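>>> Test case, fold it:
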Amino acid sequence: MRKTFQNPVFSISAIIILILVVIGALAPKQFGAVSERLFLFTTTNFGWFYLFSVFIFVLFLIVLAISKYGKIRLGPQDSKPEYPFFTWIGMLFSAGFGVGLVFWGIAEPMSHFFTPPFENLEPQNEQTARVSMGYSFFHWGISQWSVFTIVGMMIAFLQFRKEKNGLVSTAVEPIIGQREGVKGVIDTLAVIATVMGVATSIGFGVLQMSGGIRYVFDLPNSVWIQLIIMAVLFVLYSLSSFTGLNKGIKWLSNINLSLCLLLLIFVFLTGPTVFILNAFVLGIGDYINLFVSYSLRLTPYLGGTWVRDWTIFYWAWVIAWSPFVGAFIARVSRGRTIREFIIGVLIIPPLIACFWIATFGGTALYHDLMLGTNIAEVVNEDVTVALFETYQYLPMSIGLSFVSFLLIFTFLVTSADSATYILGSMTSRGSLHPATAVKLTWGFLIAAISAVLLVAGGLDALQTASLIAALPFTIIIFMIVIAFMKMIRKESLPPRRKRKGAE
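Next up is the predicted model:
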């Protein structure tokens with residue numbers, strides 16, 4: 001453990017995060033203002049780079065999955081998957097985007113419904129409802145997961161096939177060579193991006209919980225409530241970190257997925273079921289038809305900030321998350337083929353996400369369109385109460401709210417617990433069993449930076465933090481793609497199976 005604390009990646013990244021925490025605590029308004037200026041600089045000048053990069057990542061993975069290299073296993077060629085399929089998907093879902101989807105599953109389509117993505121659309125009509133659903137599918141579809149897939153695939157390949165550590169710097173060794181200083185900078189950037197990305201997601205969950213508490217129990221939605229929730233979370237995920245990957249995180253992931261399915265089935269059956277199915281199928285069709293135009297959409301001739309506030313933010317958010325989520329899905333994906341890994345990570349979670357949005361967002365849209373409710377107006381006033389406002393028009397609304405509180409809380413604990421494990425590994429030279437003290441250190445720093453961002457500006461500060469951290473890491477992901485292709489071409493392909501009856 002002493003060697004870990006002497007590791008420059010650990011000490012430098014921890015000091016940088018600690019400095020940000022202290023500055024944010026002492027001068028929250030100034031901290032928020034500087035973050036906002038950096039946010040505007042990165043999005044104005046590099047928004048195109050985020051869009052183009054993620055589009056290229058999707059194309060790369062599709063080509064790789066159907067190529068001859070798809071048969072190569074992430075581990076010895078005779079290895080088998082370490083976790084059952086349901087548990088594997090549960091872990092992907094929990095670590096990847098579970099709490100974000102619960103937050104935005106209704107809030108995003110209703111936000112687009114109230115403020116359309118295109119200037120020629122009228123708010124709150126049938127055509128705008130259709131566009132809002134299709135755009136929500138796009139934001140939670142394969143583009144988002146392509147970033148996680150690339151990073152996770154390379155780390156799993158290194159750890160289980162090449163028996164090397166899973167550090168990001170090791171993933172780009174074919175490009176940069178054995179330059180220890182450069183590798184240290186890359187690993188430090190990965191750690192900082194991970195902390196800021198995780199803090200963004202946890203902040204979303206805390207905001208939603210505090211908004212739900214205000215809505216259901218009529219308590220004030222104050223920063224102090226948010227800080228109390230954050231403190232309780234810190235205690236719980238610190239306790240969970242003692243149990244390790246195969247106990248706490250595994251159990252919580254199964255609980256998360258089970259609660260998700262329970263809520264999903266209940267809302268699907270008690271909501272406008274036929275409307276949900278129609279919206280899901282139509283939304284998938286619109287998503288496929290408009291994928292390229294949405295992927296590369298910018299507005300240099302019209303101006304406006306919609307693409308920056310939504311698509312560019314989402315891509316920056318997932319890029320900032322990618323060192324953590326990629327390392328985590330790599331850790332639980334030993335023994336799967338590259339093709340199975342890409343299909344499993346790139347297709348199944350997005351399908352679940354789209355059906356979730358169709359069910360919850362579709363229910364809210366149906367009530368506003370067909371029954372004359374005003375969910376969109378309420379969401380426009382306070383995005384954190386979208387889920388709980390919709391529950392008011394469903395049976396057992398109080399019970400649904402309590403189950404949702406539990407779901408959000410377990411998602412937050414799982415995400416933070418997983419993040420402390422991955423950050424511990426990243427700052428322990430890739431160890432698969434980082435020391436508990438190291439995990440607790442990162443747990444404290446994640447909680448502290450989340451609290452500072454909430455105090456400094458709430459949702460806006462959380463968004464700016466993830467965008468700033470993501471920019472340099474986008475370049476690193478391109479390096480990972482090039483390095484992976486260099487390595488995979490040197491691998492021996494598994495022999496083809498002979499067809500029955502062939503001599």
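
>>> my guess is Ile89 meets Val345, correct?
No: the criterion here is Cβ atoms under 8 Å, and Ile89 misses it with Val345 at 9.5 Å. Quick note: C-beta positions are derived from backbone N, CA and C, even for glycine.

>>> and the gap between Met196 and Val21?
12 Å (Cβ to Cβ, to the nearest Å).

>>> any common contacting residues for these two?
Ile449 (Cβ atoms under 8 Å, 6 or more residues apart in numbering).

>>> neighbour-wise, which of the two wins?
Neighbours were counted for Met196 and for Val21 using other Cβ atoms under 10 Å; Met196 has more, 26 against 20.

>>> ok so, going back, comparing Ile89 and Val345, which residue is more hemmed in?
Neighbours were tallied for Ile89 and for Val345 using other Cβ under 10 Å; the higher tally belongs to Val345 (29 against 18).

>>> ok, now how distant is that one from Gly197?
Taken as Cβ to Cβ, the span from Val345 to Gly197 is 17 Å.

>>> can you list contacts of stretch 364-378?
By Cβ under 8 Å, 6+ apart, the list of residues contacting stretch 364-378 from outside reads 106, 109-111, 113-114, 124, 126, 129, 132-133, 271-272, 275-276, 279, 385-386, 389-390, 393.

>>> Swap in 10 Å and give it another go.
Stretch 364-378 is touched from outside by 105-107, 109-115, 123-126, 128-130, 132-133, 215, 271-272, 274-276, 279, 358, 363, 379-380, 385-390, 392-394, with contacts defined as Cβ atoms under 10 Å, 6 or more residues apart in numbering.

>>> Quick one, which of these are buried?
105-107, 109-115, 124, 128-130, 132-133, 215, 271-272, 275-276, 279, 358, 363, 379-380, 385-390, 393 (16 or more other Cβ atoms under 10 Å).

>>> quick one, what contacts the nearest residue to Ser450 once chain neighbours are set aside?
Nearest non-adjacent residue to Ser450, counting by Cβ to Cβ, 6 or more residues apart in numbering: Ala199, 4.4 Å away. When contacts are counted by Cβ under 10 Å, 6+ apart, Ala199 is found next to 17, 20, 320, 416, 419, 445-454, 461-462, 465-466, 469.

>>> The buried ones among the contacts of stretch 364-378 in strands, which ones?
Using DSSP state E, no member of these sits in strands.

>>> Which secondary structure state does Leu493 sit in?
coil (DSSP: H, G, I helix; E, B strand; the rest coil).

>>> now the strands: where do they sit in the stretch 151-300 of the chain?
Taking DSSP state E, counting those that start in this stretch, the stretch 151-300 of the chain contains no strands at all.

>>> Distance check, Phe234 against Glu119.
Taking Cβ to Cβ, one finds Phe234 at 44 Å from Glu119.

>>> Looking at these two, which one has more neighbours?
Legend: neighbour count by other Cβ under 10 Å for Phe234 and Glu119, higher for Phe234 (21 against 10).

>>> quick one: the helices in the stretch 301-450 of the chain?
Remark: helices assigned in the stretch 301-450 of the chain by DSSP state H, counting those that start in this stretch are 306-307, 313-331, 338-346, 348-370, 375-381, 386-391, 397-426, 436-488.

>>> any low-confidence regions in the stretch 1-150 of the chain?
For the stretch 1-150 of the chain, residues meeting the criterion pLDDT under 70 lie at 1-6, 93-98.

>>> ditto for the chain
Along the chain, segments meeting pLDDT under 70 span 1-6, 93-98, 240-250, 253, 457-467, 496-503.

>>> Recalculate using a threshold of 50.
245, 499-503 (pLDDT under 50).

>>> so what's Met426 closest to, chain neighbours aside?
Among residues not flanking Met426 along the chain, Val191 sits closest, at 5.5 Å (Cβ to Cβ, 6+ apart).

>>> And for Ser132?
His112 (3.4 Å).

>>> now do Asn165
Closest residue to Asn165 apart from its sequence neighbours, by Cβ to Cβ, 6+ apart: Gly430 at 2.4 Å.

>>> With Gly443 instead?
Spatial nearest neighbour of Gly443, chain neighbours left out: Thr420 (4.5 Å); criterion: Cβ to Cβ, 6+ apart.

>>> For that neighbour, give me its contacts.
Applying Cβ under 10 Å, 6+ apart, we find Thr420 in contact with 198, 237-238, 240-241, 324, 434, 436, 438-446.

>>> One more: Thr270?
Counting by Cβ under 10 Å, 6+ apart, Thr270 has contacts 363, 393-396, 400.

>>> if we can go back for a sec, please indicate which of the contacts of Thr420 are buried?
Here, 16+ other Cβ under 10 Å leaves 198, 237-238, 240-241, 324, 434, 436, 438-446 buried among the contacts of Thr420.
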